[in-house]
Every structure is written in structure tokens, then in C-alpha cells.
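Generate a structure from the sequence data that follows.
(2 chains)
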Amino acid sequence: MTMASQVAPSLEETIGPADGIVIKTHDLWKTYEMGEAIAVQALCGVSFEIERGEYVAIMGPSGSGKSTLMNLIGCLDTPSQGRYWLNGNLVSELSDDELAHIRNKEIGFVFQTFNLLARASALHNVELPLIYSGVTALERRERAEEALRKVELADRMHHKPNELSGGQRQRVAVARALVNDPSIILADEPTGNLDTATGEEIMKLFDRLHEGGNNIVLVTHEHDIAAHAHRILHIRDGRIDRDERVQ
Amino acid sequence: MSDGPRNASRQEASVGKDRAAQLRHEHHGLYSVWSASREAFWLALEALRAHKLRSFLTLLGVVIATTTLIVVMSIVNGMNLYISERIANLGVNVFILHRFQWAQGYESFIKARRRNLPLRMEEYEFLKENLVGYKNICADSRLGDIEGGGIDARYRGHAIEDVRLEGTTPSFIDMREEKVGIGRYFTDSEYQHSAMVCFIGQDLADEFFPNTDPLGKEITVGGANFRVVGVAERIGTAFGVSLDRFVEVPLTTYQKVFVARVQVSVSVQAWNSQQMLALEDEARTLLRARRHLPYKEDDNFGINASDTLMSAWKRLTGTIFAVTIGIVAVFMVVGGIVIMNIMLASVTERTHEIGIRKSLGARRRDILMQFLIESGVTAATGGALGVLFSFIISRIVAVYFTSSVPVHAVVIGLALSTAVGLFFGIYPASKAARLDPIEALRTET
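Reported below is the predicted structural model:
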């Protein structure tokens, strides 16, 4: 951020994304300082745009910088340099708490390891994002139940995660991602901890959500999984190697 | 938030940062703090319930501190009630001449024991004749003053041990807290003739005369027979001892039957508080003159007023409170540090959970609140346990001594323990709040 502000911003940088663009990045850099002399360049100037309603997969081998990119897209981290607009918000220059707010409102995470609260019921897990956005208890419950119905888990909403199968847990996580009606659903290897059949089930769920108008960004290294997307961004050595449209 | 406004605001997408601020105001308002706090509150209680023994051990310091605080405050409060009701109520505007000055330090008491002389009957008569302007004057002497114990009282088959026997002058009844219930006090005539009459307390009347009229009956006290002329109204108990177990006889009779040469306390009542000091000086001068004390010598007797007692009592409670504050402070700090330690462990244990919550939109202050509330609720639970224990202890103490839990002690106990929890929760909570979401998520559970 600081580096960007030292250079006089070009026209392209200052102009925000056009209408209908949900994600726009301009020249994203991420450098990790590993001690005094060594700096690792995880991202070297990544620029791309994702339109509303797109189903995009980000693919790359481990060490390619795809996790870093996911963290940036997910507003868990800020770039060392460059700009990132999410749903019209210039999020690359926000503070921690502002980023938390963006995560709450605009992003629905689905993690490889589900990341559910073990002690809470499925319903409560789905309610969590709503708690942090200050939705009243009654509305919270309604919306959480609605989200669980969408992933066909309404009958299991009072079960704790350890009483659910892997596939069911991931569906709870999807419901949690959906519940605050985010701009994008960001899935990080969502099938990584599931067997092939269950993984396929989850991918069908994502297909259905995409048909329902949701924006989906999928981070994976598996071709089969990436094949569900309509566009694949190949990452290699911190750069976009190939931007592939799938029919 | 519905879809409508968001679609509309897409038109102005380029003013990104302004809109972020705008969004923040729309929804991350007070209610989110409230709902997150409520969630944290239930989480805290859940955690306490899940680890009962661990929680109790964690809270021990706070429990002991709160219990100590409330118990001491209750006992002092109970004694205050007693003091203000009884001792300070010796009588309005009354001072008492006695061999010793009450409530003095140990060393001066030892010194006084060597040089002070007891007051005698003749001195009482002398003061009664020569003191000018008092409202009332009386003398009394009790057996306990000499032997440190009571005496047996009997009526037919019944016996009561350890009865307080007191010899008094007739004016005694007008100056002290005893009041005539039935019958009368003894008269000047009975006093002058050393009549074998007595005035008894309710305990004796209950034991000896449950169904009959006590007046005119003869009871045996310390081997001598006395005719009951009156019964006092019930007084009650102090420090777990009944104040109604007494026999009062004329001081002259007392001297004739029990003690050859009685030591007395002389109580003098002034007309008003302004007259008190003058009357005290007068009595002092008279007594010194009678005892031929040289000009420079100290008094070899004591003049006690209720304010002497009150100031001594206040000094004592001051010391008690100072010691208590020290003990409570030590326990609270120890308790607080234990809570901080447990909270730090809890933060480490739940790093992954914190990561999840942050990824879902929990801000720093949400996490901070969660852990602050948890340590606050934990410590407050300790405080509540302390309140419970102190009530039990206070009940037990009240049986043998005196104790009364004041409401403000409970409030202070709860407030203090909660404050300790919040204070020692600040560091762990801010540590949790500052965690990086990516690192926290990466932590294995």
C-alpha cells in the first residue's frame, strides 16, 4: 500500500471497476520478508477481473502463490502493492476491522477442513456471520434455517459437527458461506478432505448455487474439480500463466 | 441486508472506500456488539459448566477474597449494630466512673492495674452528695467483675447456671436499658434496709415461672433466698449470649450477702450533652480531692463515656479493615493472575476458533469482548460463590458471635471480583484480538 502511494497513480489504477465487475485486481504484489536480506515474492503483479455471476477456478501447483492470492481475494490479508476492488469497494487500503466487515458482508468462505466450531450446532455455526453483522436473534434463526434448507440439511440443524459426515459438514460450511448473501463464495480446496463421490456431490451443490446467480471462486489444484468452473486462472510463480475459458 | 440497495449502489462503484465506511455504519452498529456479547456470555457459562472442577480451582482465589471481604464486613456490621444498640446506648448523656479507663491500650492497662484503685460504696455516696447539677446517679457491681463468672439460681427443682448477679442502686433502672416488665424495681427503703429482694431477667422467669406469677416467689441465688419483686422486659442476645439471664439485688444487700467490700461503677447522667464535660470535670475534681491526689499525678480511676467506646471501636474497626483490605487485595491479585493464566491457555487452545470467527467477520473488538466477557463472567461466578459461602459462614458466626451481611458488602464483593476478572482479562483478550486471521486459521486444533 505504501509503495503504491509513493508512485503517482496511473489512470487505470485510480478508476474503479466497470459496472458488473465483482472483482478487479490491478498489479497485486505480495512480498514476504524472511529475515533481513531475503524477501520472497509470492505474487508478482497480478491483474484480472471477474464479472458478476462468473464461476472461476484458480489453479496452480503448491508454491505458485494461489494461497496468497486466495487470502488477498478473501480479504484476510492486504497486498504489499497494488489495488483490489471487491464489489466496488477498494479493499486493498482498508484497516483490519474494515476488512473484517468486508469478509462478513461480501465473502462466504468454504474451507478444505470445513472450519466449523466443534461445540456449536450446525444451526449456530450457520448463524455466526449474522451474529457479527448484528442481525436480530429471530431473523438470524430464520435465515440460518433457510440456508440449511438450501443445502438440504434442515433435518440436521441441531446436530454438532462431530455427529455429521464429512459431506454434511461441508454442506453446513456452504450454508454458512451463503447465509449473509455475499458477493462471492470463495472455496479453498472444498473437496480436499472428501472422498470422490462426496466431493462430486459438493461440486454439484456449487453448480446449483452458480445457476442460482452466485459468484463462485474456486481454489484447487485438481483438474476434475476445476473443470466445473467456466473459467480457469492458471497461476505459476506468482503470475497469471493462462486465463482459460471453458465451454 | 437485502439485494436491492446493493444493486443500486453498484452504479457508484468507483467511490469504493466511502461505501465501505457507509456499509460499516449501516450494519456494524451497536446491535452487533450486543449480539456478540450475548453469544460470549453464554459461551463463558458453557465453558464454566463444561469444566466444573477446573473452573472452581481457577476461581479459588477470587472466591476466598470475596468470602473474606464479605464475612469481615458482616461481622463488623453485626458488631456495629450491637455497639450502636447496646454499648453506645448505655444511656443518653451518661458517663461512668470505674477503676479503669475502658478500651485503652494493653500497656496502659497494665500500668493502671498497678496504681488505679477501685471505686467504693463510700465514694459513690460522696459523689451523690457533693456532685452538683446531675440528672441522675447510680452505682452497680457485678460478681463477674471479681470472679469472672456467674452464679447458680434455683427455684424448687429448677436450676439455672451461670447467672449474672448484680448489685445496684434503685436509680439504676432509670438509667440503663432494662425496663420493668411486670412488678417493680426495688425501692429506696428496700435499698436502705438491705432487703432480700430481687429483680430478675426474662430467662429466669421463663424457666422458673412458666405458668405462674413470679411476683412474691422466693428464689435461691448463690445460697441465699430472695423474693422476686419484678421481672424485666426481654432484651435479647448479644454475641450469642442471652442478656436476659440476670438477677439484680440492692447493692447494700449484695454487699451484705456476697462481697465484703464491693467495687462499684458509678454512672452519672447529665441533663444534656453540653453539660457532660463540665459534669465529668466536676466528678474528677471531687474524686481526686477525696483520694488526695497531688496536682501533677494522673487520675487513678477512669471516666468512661459512650463516645470513648465509640472512638476505641472505630480505631479497632479501622485496623480490622486495613488488615482485611490487605488480605483481600493479595487474594484478588493471586486470583486475577490465575484467571489471566487460564485465559491465556484458553486463547492458545482456541486460536483456531478465533481464526474461524475472524474469517467470518469478527472484528478485533468482537474477539476482545468475547474474551473479556468470559474472564469477567468467570470471575463474577467466583464472586457469586464467595457471596454464597459468606452467607453460610455469616449464619454460623451469628450463632456464636454476631454477624449481619450488609447489602453493600454483597454489591462490593460482586463488583470487585468482576472488575478483577475484567482487568486480568485485558491482556489475554487483547492477545486474542490481535491474532492474525491467516495464522490463526492455520493453527491445528
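
so which strand or helix has the residue of chain B found nearest chain A?
Closest residue of chain B to chain A, C-beta to the nearest C-beta: B:Gly361 (2.3 Å). All C-beta spots, glycine's among them, are computed from the backbone N, C-alpha and C. According to DSSP states H and E, B:Gly361 maps onto no helix or strand at all.

Share the number of residues neighbouring the closest residue to it other than its chain neighbours, please.
Leaving out its chain neighbours, the residue that sits closest to B:Gly361 by C-beta to C-beta, 6 or more residues apart in numbering or on different chains is A:Asn104, at 2.3 Å. Neighbour count of A:Asn104, defined by other C-beta atoms under 10 Å in any protein chain shown: 29.

pLDDT score for A:Asn104?
We have a pLDDT of 93 for A:Asn104.

for it, what are its contacts?
A:129, A:132-133, A:180, B:28, B:360-362 (C-beta atoms under 8 Å, 6 or more residues apart in numbering or on different chains).

Scan those residues and report the most crowded one.
Most surrounded of those: other C-beta under 10 Å gives A:Pro129, at 31 neighbours.

My guess is A:Leu209 contacts A:His228. True?
No. Here A:Leu209 lies out of contact with A:His228, judged by C-beta atoms under 8 Å, at a distance of 11.2 Å.

Let me see the ranges of the strands in chain A.
A:21-34, A:38-51, A:55-59, A:81-86, A:89-90, A:107-110, A:184-188, A:215-220, A:231-236, A:239-245 (DSSP state E).

Distance-wise, check A:Thr68 relative to chain B.
To chain B, A:Thr68 is 10 Å away according to C-beta to the nearest C-beta, to the nearest Å.

out of everything not next to it in sequence, what's closest to that residue?
For A:Thr68, the closest residue by C-beta to C-beta, 6+ apart turns out to be A:Ala42, at 4.2 Å.

Verify the contact between that neighbour and A:Asn71 for me.
No. Assessed by C-beta under 8 Å, A:Ala42 is found out of contact with A:Asn71, at 9.5 Å.

Which pLDDT value belongs to the spatially most central residue of chain A?
Centroid-nearest residue in chain A: A:Leu186, 2.1 Å away (criterion: C-alpha atoms, centre = their mean). For A:Leu186, the pLDDT comes out at 95.

so where do the helices sit in chain A?
A:2-6, A:11-14, A:66-73, A:96-106, A:122-132, A:137-150, A:166-178, A:196-211, A:223-226 (DSSP state H).

about what we covered before: the strands of chain A: which one's closest to B:Leu309?
Closest approach to B:Leu309 among the strands of chain A is made by strand A:107-110 (73.4 Å; C-beta to C-beta).

tell me the average confidence for the closest one?
Strand A:107-110 comes out at a mean pLDDT of 94.

cool, stretch A:117-127 as well?
On average, stretch A:117-127 scores 92.

Any idea how far it is from the middle of the chain?
A distance of 20 Å separates the C-alpha centroid of stretch A:117-127 from that of its chain, computed with C-alpha atoms, centre = their mean, to the nearest Å.

quick one: average pLDDT of stretch B:179-191?
pLDDT averaged over stretch B:179-191 gives 91.

List the buried residues for it?
B:181, B:183, B:185-186, B:190-191 (16 or more other C-beta atoms under 10 Å in any protein chain shown).

Can I get those in a markdown table including distance to chain A?
Below are the buried residues of stretch B:179-191 laid out as a markdown table (distance: C-beta to the nearest C-beta, whole Å):
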| residue | distance to chain A |
| --- | --- |
| B:Gly181 | 65 |
| B:Gly183 | 72 |
| B:Tyr185 | 73 |
| B:Phe186 | 77 |
| B:Glu190 | 82 |
| B:Tyr191 | 81 |
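
can you list those residues in a markdown table and add secondary structure?
Output for these, formatted as a markdown table (DSSP: H, G, I helix; E, B strand; the rest coil):
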| residue | secondary structure |
| --- | --- |
| B:Gly181 | strand |
| B:Gly183 | strand |
| B:Tyr185 | coil |
| B:Phe186 | coil |
| B:Glu190 | helix |
| B:Tyr191 | helix |
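
So which of the strands of chain A has the densest surroundings on average?
strand A:107-110 (a mean of 27; mean count of other C-beta atoms under 10 Å in any protein chain shown).

That one and chain B in contact?
Yes. Judged by C-beta under 8 Å from any C-beta of the partner chain, strand A:107-110 comes into contact with chain B at A:Phe109.

What is the neighbour count of residue 138?
All of this refers to chain A. 8.

could you do chain B instead?
Neighbours around B:Cys138, by other C-beta under 10 Å: 25.

Now do the same for it: its pLDDT.
In this model, B:Cys138 carries a pLDDT of 92.

Next: the one 10 residues further on.
B:Gly148 is assigned a predicted lDDT (pLDDT) of 50.

What residue in chain A is the furthest from its centre?
A:Ala37 (32.6 Å).

which residues does it contact?
No residues are in contact with A:Ala37 under the rule C-beta under 8 Å, 6+ apart.

if I look at it, how far off is chain B?
23 Å.

in chain A, what residue is nearest chain B?
A:Asn104 (2.3 Å).

Pass me the low-pLDDT residue ranges in chain A, would you?
A:1-15, A:247 (pLDDT under 70).

hmm, 80 instead?
A:1-19, A:35-37, A:247 (pLDDT under 80).

Look up phi and psi at the residue of chain B closest to chain A.
For B:Gly361, the backbone dihedrals are phi 110, psi 10 (criterion: degrees, to the nearest 10).

That one touches A:Leu99, doesn't it?
No. The criterion here is C-beta under 8 Å, and B:Gly361 misses it with A:Leu99 at 9.3 Å.

So for the two, which residues contact both of them?
By C-beta under 8 Å, 6+ apart, no residue touches both B:Gly361 and A:Leu99.
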